[in-house]
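1. Any chance you could fold what I've pasted below:
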Amino acid sequence: MSGTLVGWPSLAALSRQVSERRISPTELIDLSYSRIHALNPHFRAFVSTCEDTARTQAREAERLVLRGEARPLEGIPLAVKDNTAVAGLALTNGSRSSSIAPVEFDAEVVVRLRAAGAIVVGKTSLPEFGAVPVTESALAGVCLNPWDAGRTCGGSSGGSAVAVATGMVPFAQGNDGGGSLRIPASCCGVVGLKPARGRISVGPNPDGSGMVSTGFITTRTADQAFLLDLTTGYARGDQFPAPAPRLPFSAHLAVRPRPLRIAWTSRPPVDAAVAAECAGAVEMAAGMLADLGHEVVQIDPGWTRDWLAREFRRTWVAGILATVLTLPPDRRGPEFLERHIRAMQELGQRSSGGRLLLSQSRLQAYARETTALWQRWDVVMTPTLAAPALAVGELFSTVEEDPYLPLDRADAFSPYTPLFNINGQPAVSLPLGWQDGFPIGVQLAAPPYREDLLLQLSLQLEHKTNWPARRPPAL
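-> Numbers count the residues shown, from 1 in each chain. Model (predicted):
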(Lines give C-alpha, C1' and ligand atoms only; values in the text may rest on other atoms or scores of the structure.)
Protein backbone atom coordinates (compact mmCIF):
# COMPACT_ATOMS: atom_id res chain seq x y z
CA MET A 1 0.00 0.00 0.00
CA SER A 2 1.14 3.51 -0.72
CA GLY A 3 0.45 6.54 1.41
CA THR A 4 -0.59 8.35 -1.77
CA LEU A 5 -3.43 5.95 -2.55
CA VAL A 6 -6.94 6.44 -1.20
CA GLY A 7 -8.08 2.84 -1.08
CA TRP A 8 -7.39 0.25 1.58
CA PRO A 9 -7.63 -3.52 1.06
CA SER A 10 -10.54 -5.29 2.68
CA LEU A 11 -10.36 -5.83 6.43
CA ALA A 12 -9.93 -9.56 5.87
CA ALA A 13 -7.00 -8.87 3.54
CA LEU A 14 -5.44 -6.45 6.03
CA SER A 15 -5.86 -9.04 8.76
CA ARG A 16 -4.03 -11.65 6.67
CA GLN A 17 -1.24 -9.24 5.79
CA VAL A 18 -0.68 -8.42 9.45
CA SER A 19 -0.78 -12.03 10.67
CA GLU A 20 1.59 -13.07 7.85
CA ARG A 21 3.90 -10.15 8.76
CA ARG A 22 3.65 -8.56 5.33
CA ILE A 23 2.69 -5.27 6.97
CA SER A 24 3.06 -4.29 10.59
CA PRO A 25 0.58 -2.54 12.90
CA THR A 26 3.03 0.36 13.15
CA GLU A 27 3.04 0.73 9.38
CA LEU A 28 -0.77 0.73 9.32
CA ILE A 29 -0.94 3.45 11.96
CA ASP A 30 1.75 5.43 10.14
CA LEU A 31 -0.26 5.21 6.93
CA SER A 32 -3.49 6.31 8.62
CA TYR A 33 -1.88 9.30 10.31
CA SER A 34 -0.03 10.33 7.18
CA ARG A 35 -3.41 10.60 5.46
CA ILE A 36 -5.03 12.33 8.45
CA HIS A 37 -2.23 14.92 8.59
CA ALA A 38 -2.47 15.53 4.85
CA LEU A 39 -6.25 15.58 4.45
CA ASN A 40 -7.96 16.41 7.72
CA PRO A 41 -7.01 20.11 7.87
CA HIS A 42 -9.10 20.52 4.71
CA PHE A 43 -11.95 18.04 5.22
CA ARG A 44 -12.32 18.28 9.04
CA ALA A 45 -13.51 14.70 9.47
CA PHE A 46 -11.62 14.26 12.77
CA VAL A 47 -12.18 16.48 15.79
CA SER A 48 -9.50 14.80 17.92
CA THR A 49 -6.71 12.27 17.53
CA CYS A 50 -4.60 10.19 19.92
CA GLU A 51 -1.38 9.60 18.02
CA ASP A 52 0.95 8.82 20.92
CA THR A 53 -1.47 6.29 22.42
CA ALA A 54 -2.17 4.70 19.04
CA ARG A 55 1.53 4.26 18.31
CA THR A 56 2.10 2.68 21.72
CA GLN A 57 -0.75 0.26 21.07
CA ALA A 58 0.67 -0.51 17.61
CA ARG A 59 3.97 -1.56 19.18
CA GLU A 60 2.08 -3.79 21.62
CA ALA A 61 0.17 -5.27 18.68
CA GLU A 62 3.45 -6.09 16.96
CA ARG A 63 4.52 -8.15 19.93
CA LEU A 64 1.32 -10.19 19.64
CA VAL A 65 1.94 -10.72 15.95
CA LEU A 66 5.47 -11.93 16.60
CA ARG A 67 4.12 -14.43 19.14
CA GLY A 68 1.62 -15.69 16.55
CA GLU A 69 -1.31 -14.28 18.55
CA ALA A 70 -2.66 -11.74 16.08
CA ARG A 71 -6.37 -10.98 16.49
CA PRO A 72 -8.77 -10.35 13.58
CA LEU A 73 -8.33 -6.54 13.55
CA GLU A 74 -4.78 -6.49 14.92
CA GLY A 75 -3.30 -3.02 14.42
CA ILE A 76 -6.03 -1.86 12.01
CA PRO A 77 -6.88 1.87 12.40
CA LEU A 78 -10.38 2.75 13.62
CA ALA A 79 -12.24 6.08 13.77
CA VAL A 80 -15.02 6.53 16.35
CA LYS A 81 -17.89 9.00 16.14
CA ASP A 82 -17.65 11.67 18.82
CA ASN A 83 -20.88 10.72 20.56
CA THR A 84 -19.35 7.34 21.48
CA ALA A 85 -17.08 6.99 24.49
CA VAL A 86 -13.38 6.25 24.02
CA ALA A 87 -11.24 6.12 27.15
CA GLY A 88 -8.66 8.89 27.16
CA LEU A 89 -10.52 11.15 24.69
CA ALA A 90 -13.16 13.81 25.25
CA LEU A 91 -16.78 13.01 24.42
CA THR A 92 -18.12 16.26 22.98
CA ASN A 93 -21.30 15.19 21.18
CA GLY A 94 -20.46 17.97 18.72
CA SER A 95 -21.48 20.59 21.29
CA ARG A 96 -19.81 23.56 22.93
CA SER A 97 -21.70 22.58 26.08
CA SER A 98 -19.73 19.37 26.58
CA SER A 99 -16.73 18.91 28.81
CA ILE A 100 -13.34 18.65 27.14
CA ALA A 101 -12.09 16.35 29.89
CA PRO A 102 -11.22 12.84 28.65
CA VAL A 103 -13.61 10.08 29.68
CA GLU A 104 -12.37 7.03 31.56
CA PHE A 105 -14.30 4.27 29.80
CA ASP A 106 -15.03 2.78 26.40
CA ALA A 107 -18.47 2.27 24.92
CA GLU A 108 -19.34 -1.40 24.49
CA VAL A 109 -18.73 -1.38 20.74
CA VAL A 110 -15.27 0.12 21.30
CA VAL A 111 -14.54 -2.55 23.92
CA ARG A 112 -15.34 -5.25 21.36
CA LEU A 113 -13.35 -3.63 18.56
CA ARG A 114 -10.33 -3.17 20.81
CA ALA A 115 -10.64 -6.78 21.94
CA ALA A 116 -10.38 -7.75 18.27
CA GLY A 117 -7.18 -5.71 17.95
CA ALA A 118 -8.38 -2.45 16.37
CA ILE A 119 -6.55 0.75 17.32
CA VAL A 120 -8.52 3.99 17.74
CA VAL A 121 -6.81 6.84 15.87
CA GLY A 122 -9.34 9.56 16.70
CA LYS A 123 -12.90 10.83 17.04
CA THR A 124 -15.01 12.01 14.10
CA SER A 125 -17.22 15.04 13.63
CA LEU A 126 -21.01 15.21 13.98
CA PRO A 127 -23.65 17.94 14.25
CA GLU A 128 -24.56 19.02 17.75
CA PHE A 129 -26.01 15.97 19.54
CA GLY A 130 -26.37 14.19 16.19
CA ALA A 131 -29.68 15.96 15.76
CA VAL A 132 -29.72 16.74 12.01
CA PRO A 133 -28.66 15.07 8.73
CA VAL A 134 -25.71 17.38 8.00
CA THR A 135 -22.32 17.61 9.73
CA GLU A 136 -22.06 21.30 10.52
CA SER A 137 -21.62 22.62 14.04
CA ALA A 138 -20.55 25.71 15.93
CA LEU A 139 -17.95 23.57 17.72
CA ALA A 140 -16.19 21.93 14.76
CA GLY A 141 -17.34 23.84 11.70
CA VAL A 142 -18.27 22.14 8.43
CA CYS A 143 -17.06 18.66 7.54
CA LEU A 144 -16.49 18.79 3.78
CA ASN A 145 -17.78 16.31 1.23
CA PRO A 146 -14.83 14.95 -0.82
CA TRP A 147 -16.99 14.66 -3.95
CA ASP A 148 -18.10 18.31 -3.84
CA ALA A 149 -17.01 20.70 -1.09
CA GLY A 150 -20.09 22.83 -1.72
CA ARG A 151 -22.44 20.02 -0.69
CA THR A 152 -23.06 18.45 2.69
CA CYS A 153 -21.37 15.16 3.58
CA GLY A 154 -24.62 14.18 5.33
CA GLY A 155 -25.07 13.39 8.98
CA SER A 156 -25.00 12.74 11.66
CA SER A 157 -22.12 10.25 11.15
CA GLY A 158 -20.66 12.59 8.55
CA GLY A 159 -17.11 12.70 9.90
CA SER A 160 -16.98 8.91 9.88
CA ALA A 161 -18.18 8.77 6.27
CA VAL A 162 -15.64 11.37 5.13
CA ALA A 163 -12.81 9.63 7.00
CA VAL A 164 -13.58 6.42 5.09
CA ALA A 165 -14.34 8.05 1.71
CA THR A 166 -10.99 9.87 1.79
CA GLY A 167 -9.05 6.81 2.95
CA MET A 168 -7.93 8.25 6.28
CA VAL A 169 -9.10 4.99 7.86
CA PRO A 170 -10.32 1.69 6.39
CA PHE A 171 -13.50 1.75 8.49
CA ALA A 172 -15.28 3.94 11.00
CA GLN A 173 -17.89 3.50 13.70
CA GLY A 174 -21.10 5.49 13.72
CA ASN A 175 -24.68 5.24 14.88
CA ASP A 176 -28.10 5.72 13.36
CA GLY A 177 -31.29 6.92 15.02
CA GLY A 178 -33.07 8.23 11.92
CA GLY A 179 -30.64 7.61 9.08
CA SER A 180 -27.35 8.82 10.54
CA LEU A 181 -25.24 6.05 8.95
CA ARG A 182 -27.18 5.75 5.70
CA ILE A 183 -27.50 9.48 4.93
CA PRO A 184 -23.75 10.27 4.95
CA ALA A 185 -23.04 6.99 3.18
CA SER A 186 -25.30 8.17 0.36
CA CYS A 187 -23.70 11.62 0.23
CA CYS A 188 -20.11 10.29 0.36
CA GLY A 189 -20.34 7.24 -1.92
CA VAL A 190 -19.66 4.59 0.73
CA VAL A 191 -21.59 1.78 2.44
CA GLY A 192 -23.63 2.51 5.57
CA LEU A 193 -25.44 -0.38 7.25
CA LYS A 194 -27.89 0.21 10.07
CA PRO A 195 -28.04 -3.17 11.80
CA ALA A 196 -31.23 -4.56 13.27
CA ARG A 197 -32.39 -3.25 16.62
CA GLY A 198 -30.20 -4.68 19.36
CA ARG A 199 -27.75 -6.38 16.99
CA ILE A 200 -24.81 -4.41 18.42
CA SER A 201 -25.04 -3.08 21.95
CA VAL A 202 -25.39 0.69 22.29
CA GLY A 203 -24.21 0.44 25.91
CA PRO A 204 -23.57 2.16 28.16
CA ASN A 205 -25.94 4.66 26.54
CA PRO A 206 -29.63 4.20 27.35
CA ASP A 207 -31.68 2.69 24.54
CA GLY A 208 -35.18 3.33 25.79
CA SER A 209 -36.64 4.21 22.39
CA GLY A 210 -34.95 1.32 20.58
CA MET A 211 -34.48 3.52 17.53
CA VAL A 212 -30.70 3.99 17.68
CA SER A 213 -28.39 1.33 16.24
CA THR A 214 -24.60 1.24 16.34
CA GLY A 215 -22.89 0.31 13.07
CA PHE A 216 -20.13 1.12 10.62
CA ILE A 217 -19.13 3.01 7.50
CA THR A 218 -17.03 1.00 5.03
CA THR A 219 -16.19 0.93 1.34
CA ARG A 220 -16.92 -2.79 0.94
CA THR A 221 -19.76 -5.16 1.76
CA ALA A 222 -17.45 -7.86 3.13
CA ASP A 223 -16.09 -5.41 5.72
CA GLN A 224 -19.61 -4.91 7.09
CA ALA A 225 -20.00 -8.66 7.58
CA PHE A 226 -16.52 -8.93 9.10
CA LEU A 227 -17.34 -6.22 11.65
CA LEU A 228 -20.77 -7.59 12.50
CA ASP A 229 -19.20 -10.95 13.31
CA LEU A 230 -16.84 -9.25 15.78
CA THR A 231 -19.31 -6.94 17.51
CA THR A 232 -22.74 -8.55 17.52
CA GLY A 233 -24.26 -9.75 20.75
CA TYR A 234 -25.89 -8.84 24.05
CA ALA A 235 -24.24 -6.70 26.74
CA ARG A 236 -25.49 -6.58 30.31
CA GLY A 237 -28.51 -4.30 30.61
CA ASP A 238 -29.38 -4.11 26.91
CA GLN A 239 -33.12 -3.53 26.59
CA PHE A 240 -33.56 -4.91 23.06
CA PRO A 241 -31.18 -7.86 22.54
CA ALA A 242 -31.31 -9.33 19.05
CA PRO A 243 -31.41 -13.09 18.53
CA ALA A 244 -28.06 -14.64 17.74
CA PRO A 245 -27.42 -15.10 14.01
CA ARG A 246 -27.72 -18.65 12.70
CA LEU A 247 -24.35 -18.42 10.95
CA PRO A 248 -21.50 -15.92 10.97
CA PHE A 249 -22.41 -13.06 8.66
CA SER A 250 -19.25 -13.57 6.64
CA ALA A 251 -20.32 -17.14 5.94
CA HIS A 252 -23.43 -15.90 4.14
CA LEU A 253 -21.23 -14.06 1.66
CA ALA A 254 -19.74 -17.35 0.52
CA VAL A 255 -23.18 -18.50 -0.60
CA ARG A 256 -24.90 -17.20 -3.71
CA PRO A 257 -28.37 -16.02 -2.65
CA ARG A 258 -31.41 -17.75 -4.00
CA PRO A 259 -33.57 -15.63 -6.32
CA LEU A 260 -35.22 -13.13 -3.99
CA ARG A 261 -38.54 -11.31 -4.16
CA ILE A 262 -37.61 -7.64 -4.22
CA ALA A 263 -40.07 -4.75 -4.21
CA TRP A 264 -39.04 -1.20 -5.00
CA THR A 265 -40.70 2.16 -4.66
CA SER A 266 -39.91 5.85 -4.74
CA ARG A 267 -42.94 6.72 -2.64
CA PRO A 268 -41.71 8.07 0.73
CA PRO A 269 -43.37 7.30 4.07
CA VAL A 270 -43.84 11.03 4.71
CA ASP A 271 -45.02 13.59 2.19
CA ALA A 272 -41.95 14.87 0.35
CA ALA A 273 -40.95 15.78 -3.18
CA VAL A 274 -38.52 13.25 -4.68
CA ALA A 275 -35.82 14.40 -7.09
CA ALA A 276 -35.73 12.65 -10.45
CA GLU A 277 -32.12 11.53 -9.99
CA CYS A 278 -32.98 9.78 -6.71
CA ALA A 279 -36.02 8.05 -8.19
CA GLY A 280 -33.93 7.15 -11.22
CA ALA A 281 -31.20 5.59 -9.07
CA VAL A 282 -33.59 3.14 -7.44
CA GLU A 283 -35.18 2.27 -10.78
CA MET A 284 -31.72 1.62 -12.23
CA ALA A 285 -30.86 -0.60 -9.25
CA ALA A 286 -34.08 -2.53 -9.82
CA GLY A 287 -32.90 -3.30 -13.33
CA MET A 288 -29.55 -4.53 -12.02
CA LEU A 289 -31.24 -6.86 -9.56
CA ALA A 290 -33.54 -8.22 -12.25
CA ASP A 291 -30.47 -8.91 -14.41
CA LEU A 292 -29.03 -10.86 -11.48
CA GLY A 293 -32.04 -13.19 -11.55
CA HIS A 294 -34.22 -11.77 -8.78
CA GLU A 295 -37.95 -11.15 -9.00
CA VAL A 296 -38.20 -7.36 -8.94
CA VAL A 297 -41.52 -5.51 -8.84
CA GLN A 298 -42.42 -1.85 -8.43
CA ILE A 299 -45.07 -1.40 -5.72
CA ASP A 300 -47.07 1.23 -3.92
CA PRO A 301 -46.33 0.26 -0.30
CA GLY A 302 -49.21 2.30 1.12
CA TRP A 303 -47.02 3.52 3.99
CA THR A 304 -47.37 7.30 3.63
CA ARG A 305 -48.99 8.96 6.66
CA ASP A 306 -49.49 12.70 7.11
CA TRP A 307 -48.83 12.40 10.86
CA LEU A 308 -45.70 10.24 10.72
CA ALA A 309 -43.08 13.02 10.64
CA ARG A 310 -44.81 14.82 13.50
CA GLU A 311 -44.91 11.76 15.77
CA PHE A 312 -41.33 10.78 14.95
CA ARG A 313 -40.22 14.35 15.68
CA ARG A 314 -41.91 14.28 19.07
CA THR A 315 -39.90 11.22 20.09
CA TRP A 316 -36.72 12.65 18.54
CA VAL A 317 -36.89 15.96 20.38
CA ALA A 318 -37.60 14.09 23.63
CA GLY A 319 -34.22 12.41 23.18
CA ILE A 320 -32.54 15.76 22.54
CA LEU A 321 -34.24 17.21 25.64
CA ALA A 322 -33.00 14.28 27.69
CA THR A 323 -29.46 14.97 26.49
CA VAL A 324 -29.74 18.66 27.37
CA LEU A 325 -31.03 17.79 30.84
CA THR A 326 -27.81 15.87 31.54
CA LEU A 327 -25.85 19.13 31.17
CA PRO A 328 -25.14 21.41 34.11
CA PRO A 329 -27.80 24.14 34.21
CA ASP A 330 -25.22 26.83 33.49
CA ARG A 331 -24.31 25.17 30.17
CA ARG A 332 -27.77 25.19 28.60
CA GLY A 333 -27.80 28.77 27.36
CA PRO A 334 -27.39 30.21 23.84
CA GLU A 335 -23.63 30.59 24.25
CA PHE A 336 -23.42 26.79 24.56
CA LEU A 337 -26.36 25.39 22.52
CA GLU A 338 -27.14 26.10 18.87
CA ARG A 339 -30.47 27.70 17.98
CA HIS A 340 -32.10 24.60 16.48
CA ILE A 341 -31.15 22.57 19.56
CA ARG A 342 -32.73 25.13 21.85
CA ALA A 343 -35.85 24.98 19.68
CA MET A 344 -35.92 21.20 19.99
CA GLN A 345 -35.45 21.52 23.75
CA GLU A 346 -38.39 23.93 23.94
CA LEU A 347 -40.54 21.64 21.79
CA GLY A 348 -39.73 18.68 24.03
CA GLN A 349 -40.61 20.64 27.14
CA ARG A 350 -44.05 21.46 25.72
CA SER A 351 -44.94 17.77 25.30
CA SER A 352 -46.32 15.85 28.27
CA GLY A 353 -45.18 12.38 29.20
CA GLY A 354 -48.57 11.01 28.24
CA ARG A 355 -48.42 12.65 24.81
CA LEU A 356 -44.95 11.20 24.25
CA LEU A 357 -46.23 7.72 25.12
CA LEU A 358 -49.09 8.21 22.68
CA SER A 359 -46.60 9.07 19.93
CA GLN A 360 -44.58 5.98 20.71
CA SER A 361 -47.72 3.86 20.64
CA ARG A 362 -48.73 5.24 17.24
CA LEU A 363 -45.25 4.54 15.87
CA GLN A 364 -45.35 0.99 17.22
CA ALA A 365 -48.74 0.39 15.62
CA TYR A 366 -47.37 1.77 12.37
CA ALA A 367 -44.40 -0.59 12.63
CA ARG A 368 -46.69 -3.59 13.10
CA GLU A 369 -48.62 -2.56 10.01
CA THR A 370 -45.72 -1.77 7.69
CA THR A 371 -43.53 -4.76 8.55
CA ALA A 372 -46.27 -6.91 7.00
CA LEU A 373 -44.76 -5.93 3.63
CA TRP A 374 -41.92 -8.32 4.34
CA GLN A 375 -44.31 -11.26 4.50
CA ARG A 376 -44.67 -10.81 0.75
CA TRP A 377 -41.21 -9.49 -0.13
CA ASP A 378 -37.73 -10.49 0.97
CA VAL A 379 -36.31 -7.00 0.49
CA VAL A 380 -37.84 -3.58 -0.15
CA MET A 381 -35.76 -0.96 -1.94
CA THR A 382 -36.09 2.85 -1.95
CA PRO A 383 -33.91 5.86 -2.61
CA THR A 384 -31.81 6.63 0.46
CA LEU A 385 -32.63 10.33 0.21
CA ALA A 386 -35.27 12.39 -1.56
CA ALA A 387 -32.68 14.74 -3.06
CA PRO A 388 -28.97 14.81 -3.81
CA ALA A 389 -26.81 16.20 -1.03
CA LEU A 390 -27.92 19.63 0.16
CA ALA A 391 -25.70 22.66 -0.26
CA VAL A 392 -23.49 23.44 2.73
CA GLY A 393 -25.44 25.75 5.03
CA GLU A 394 -28.77 25.12 3.30
CA LEU A 395 -30.32 23.27 6.25
CA PHE A 396 -29.57 26.13 8.64
CA SER A 397 -30.30 29.12 6.42
CA THR A 398 -32.83 31.42 8.14
CA VAL A 399 -32.59 29.36 11.36
CA GLU A 400 -32.60 32.53 13.46
CA GLU A 401 -35.89 33.61 11.91
CA ASP A 402 -37.47 30.14 12.13
CA PRO A 403 -35.57 27.68 14.36
CA TYR A 404 -37.89 24.81 13.40
CA LEU A 405 -37.21 25.15 9.69
CA PRO A 406 -34.11 22.90 9.83
CA LEU A 407 -36.33 20.12 11.15
CA ASP A 408 -38.77 20.58 8.27
CA ARG A 409 -35.91 20.57 5.78
CA ALA A 410 -34.47 17.44 7.39
CA ASP A 411 -37.81 15.65 6.98
CA ALA A 412 -37.96 16.61 3.31
CA PHE A 413 -34.34 15.58 2.68
CA SER A 414 -34.45 12.20 4.43
CA PRO A 415 -38.04 10.91 4.42
CA TYR A 416 -37.11 7.26 3.74
CA THR A 417 -34.62 6.43 6.48
CA PRO A 418 -36.50 6.89 9.81
CA LEU A 419 -39.02 4.17 8.95
CA PHE A 420 -36.46 1.46 9.62
CA ASN A 421 -35.43 2.98 12.94
CA ILE A 422 -39.10 2.91 13.94
CA ASN A 423 -39.46 -0.70 12.77
CA GLY A 424 -36.06 -1.84 14.02
CA GLN A 425 -35.25 -3.48 10.68
CA PRO A 426 -31.78 -3.64 9.13
CA ALA A 427 -31.27 -1.27 6.21
CA VAL A 428 -28.26 -0.35 4.10
CA SER A 429 -27.36 2.51 1.76
CA LEU A 430 -25.29 1.51 -1.26
CA PRO A 431 -23.52 3.88 -3.71
CA LEU A 432 -25.37 2.70 -6.80
CA GLY A 433 -26.53 5.96 -8.36
CA TRP A 434 -24.29 8.66 -9.82
CA GLN A 435 -25.27 12.06 -11.20
CA ASP A 436 -22.55 14.09 -12.90
CA GLY A 437 -19.95 12.18 -10.89
CA PHE A 438 -21.70 12.68 -7.54
CA PRO A 439 -22.93 9.64 -5.55
CA ILE A 440 -26.62 8.97 -4.91
CA GLY A 441 -27.45 6.16 -2.53
CA VAL A 442 -30.04 3.42 -2.83
CA GLN A 443 -31.51 1.89 0.33
CA LEU A 444 -32.36 -1.78 0.81
CA ALA A 445 -34.29 -3.02 3.84
CA ALA A 446 -34.75 -6.60 5.02
CA PRO A 447 -37.05 -8.29 7.52
CA PRO A 448 -36.11 -7.97 11.19
CA TYR A 449 -32.69 -9.50 11.98
CA ARG A 450 -31.98 -10.50 8.35
CA GLU A 451 -28.80 -8.56 7.70
CA ASP A 452 -27.64 -11.65 5.82
CA LEU A 453 -30.02 -10.87 2.94
CA LEU A 454 -28.77 -7.31 2.68
CA LEU A 455 -25.15 -8.43 2.72
CA GLN A 456 -25.69 -11.01 0.00
CA LEU A 457 -27.50 -8.56 -2.28
CA SER A 458 -24.99 -5.83 -1.55
CA LEU A 459 -22.10 -8.08 -2.53
CA GLN A 460 -23.80 -8.99 -5.80
CA LEU A 461 -24.32 -5.32 -6.61
CA GLU A 462 -20.77 -4.45 -5.59
CA HIS A 463 -19.41 -7.06 -7.97
CA LYS A 464 -21.63 -5.72 -10.74
CA THR A 465 -20.71 -2.06 -10.30
CA ASN A 466 -17.28 -2.16 -8.58
CA TRP A 467 -18.05 0.96 -6.54
CA PRO A 468 -14.90 0.59 -4.33
CA ALA A 469 -12.83 1.54 -7.37
CA ARG A 470 -14.38 5.02 -7.56
CA ARG A 471 -12.31 7.84 -6.08
CA PRO A 472 -13.49 11.32 -5.09
CA PRO A 473 -12.13 13.98 -7.45
CA ALA A 474 -10.85 16.02 -4.48
CA LEU A 475 -8.19 13.36 -3.97
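2. For the stretch 201-350 of the chain, which segments count as helices?
-> Taking DSSP state H, counting those that start in this stretch, the helices of the stretch 201-350 of the chain run over residues 221-231, 249-252, 276-291, 308-325, 339-349.
3. Tell me which of these lies nearest to Y416.
-> Using CB to CB as the criterion, the shortest distance between Y416 and the helices of the stretch 201-350 of the chain is 9.2 Å, found for helix 276-291. Where you see a C-beta, it was placed from the backbone N, CA and C, and this is true even at glycine.
4. ok, and for that closest one, which residues are buried?
-> Within helix 276-291, the residues that qualify as buried by neighbour count (16 or more other CB atoms under 10 Å) are E277, C278, A279, A281, V282, E283, A285, A286, M288, L289.
5. any chance of the residues you listed in JSON lines, plus pLDDT and distance to A222?
-> Compiled in JSON lines, the buried residues of helix 276-291 are given as follows (pLDDT from 0 to 100; distance: CB to CB, whole Å):
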{"residue": "E277", "pLDDT": "98", "distance to A222": "28"}
{"residue": "C278", "pLDDT": "98", "distance to A222": "27"}
{"residue": "A279", "pLDDT": "98", "distance to A222": "29"}
{"residue": "A281", "pLDDT": "98", "distance to A222": "23"}
{"residue": "V282", "pLDDT": "98", "distance to A222": "24"}
{"residue": "E283", "pLDDT": "98", "distance to A222": "27"}
{"residue": "A285", "pLDDT": "98", "distance to A222": "20"}
{"residue": "A286", "pLDDT": "98", "distance to A222": "24"}
{"residue": "M288", "pLDDT": "98", "distance to A222": "19"}
{"residue": "L289", "pLDDT": "98", "distance to A222": "19"}
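6. quick one: contacts for the residue nearest in space to the middle of the chain?
-> The centroid of the chain falls nearest to L181 when counting by CA atoms, centre = their mean (1.7 Å). Applying CB atoms under 8 Å, 6 or more residues apart in numbering, we find L181 in contact with S157, G174, N175, G192, L193, K194, S213, G215, F216, I217, S429.
7. Skipping its backbone neighbours, what lies nearest it in space?
-> The shortest distance from L181 to any residue other than its chain neighbours is 3.9 Å, reached at G192 (CB to CB, 6 or more residues apart in numbering).
8. my read: that neighbour touches A185, true?
-> Yes - in this structure G192 lies within contact range of A185 using CB atoms under 8 Å: 2.8 Å.
9. which residues do those two both contact?
-> Contacts common to G192 and A185, judged by CB under 8 Å, 6+ apart, are A161, I217, S429, G441.
10. So which of those is the closest to G203?
-> Where the shared contacts of G192 and A185 are concerned, and distances follow CB to CB, G203 has its nearest neighbour in I217, at 20.6 Å.
11. is that closest one in a bridge, and if so with what?
-> I217 has the following beta-bridge partners by DSSP bridges: A172, G192.
12. Could you tell me the model confidence score at it?
-> With respect to pLDDT, I217 has a value of 98.
13. Test my guess that it contacts P170.
-> No - taking CB under 8 Å as the definition, I217 is not a contact partner of P170, at 10.3 Å.
14. Of the two, which one has the most company?
-> Ranked by neighbour count (other CB atoms under 10 Å), I217 and P170 place I217 first, with 33 against 27.
15. where do the strands sit along the stretch 151-300 of the chain?
-> 172-176, 191-194, 213-218, 261-264, 295-298 (DSSP state E, counting those that start in this stretch).
16. which regions of this structure sit below the pLDDT cut-off?
-> Across the chain, the ranges flagged by pLDDT under 70 are 1-6.
17. Mind doing that once more with 50?
-> 1-5 (pLDDT under 50).
18. Taking the chain centroid, which residue in it is the extreme one?
-> When distances are taken from the C-alpha mean of the chain, R67 lies farthest, 35.6 Å away, according to CA atoms, centre = their mean.
19. Just to be sure, K123 is in a helix?
-> No - checked against DSSP: H, G, I helix; E, B strand; the rest coil, K123 lies outside a helix; its state is strand.
20. let's number from 48 now, not from 1
-> Right, with 48 as the first residue, what we last looked at is K170.
21. Pull up the distance across stretch 124-132, start to finish.
-> When the termini of stretch 124-132 are compared using CA to CA, to the nearest Å, they are 17 Å apart.
22. Could you pull up phi and psi at the residue farthest from the centre of the chain?
-> Dihedral pair for R114: phi -90, psi 0, per degrees, to the nearest 10.
23. Mind jotting down where the strands sit in the stretch 48-197 of the chain?
-> 93-96, 124-128, 166-171, 183-184, 188-189.
24. So what touches the fourth one?
-> Counting by CB under 8 Å, 6+ apart, the neighbours of strand 183-184 from elsewhere in the structure are 141-142, 172-175, 189-190, 199, 202, 385, 439-440, 442-443.
25. if you set the cut-off to 6 Å instead, what comes out?
-> Around strand 183-184, the neighbours that count as contacts under CB atoms under 6 Å, 6 or more residues apart in numbering are G141, P174, E175, V189.
26. biggest separation within the residues you listed, which pair?
-> Largest pairwise distance in the contacts of strand 183-184, by CB to CB, is 13.0 Å, between E175 and V189.
27. Looking at those two, which is more packed in?
-> The residue with more neighbours, out of E175 and V189 and counting by other CB under 10 Å, is E175; that gives 27 against 18.
28. E385 is in contact with the more buried one, correct?
-> Yes - the pair E175 and E385 passes the contact test of CB atoms under 6 Å, sitting 5.1 Å apart.
29. Can you pick out the most distant pair from the shared contacts of G239 and A232?
-> Spanning the widest gap among the shared contacts of G239 and A232 are I264 and G488, at 12.1 Å by CB to CB.
30. What is the end-to-end distance of stretch 106-124?
-> Across its full length, stretch 106-124 reaches 13 Å end to end, with CA to CA as the criterion.
31. List of residues touching it?
-> 61-62, 65-66, 71-72, 75, 79, 105, 163-166, 168, 216.
32. Report the distance from it to the chain centre.
-> The chain centroid and the centroid of stretch 106-124 are separated by 27 Å, computed with CA atoms, centre = their mean, to the nearest Å.
33. list the buried ones in it?
-> Burial within stretch 106-124, assessed by neighbour count using 16+ other CB under 10 Å, is assigned to A108, E109, L111, V112, A117, R118, P119, L120, E121, G122, I123, P124.
34. Tell me the one of the buried residues of helix 323-338 nearest Q411?
-> Out of the buried residues of helix 323-338, the one with the shortest distance to Q411 is V329. That distance is 27.5 Å, counting by CB to CB.
35. Correct me if wrong: that closest one contacts A433.
-> No - with contact defined as CB under 6 Å, V329 and A433 do not form a contacting pair (11.2 Å).
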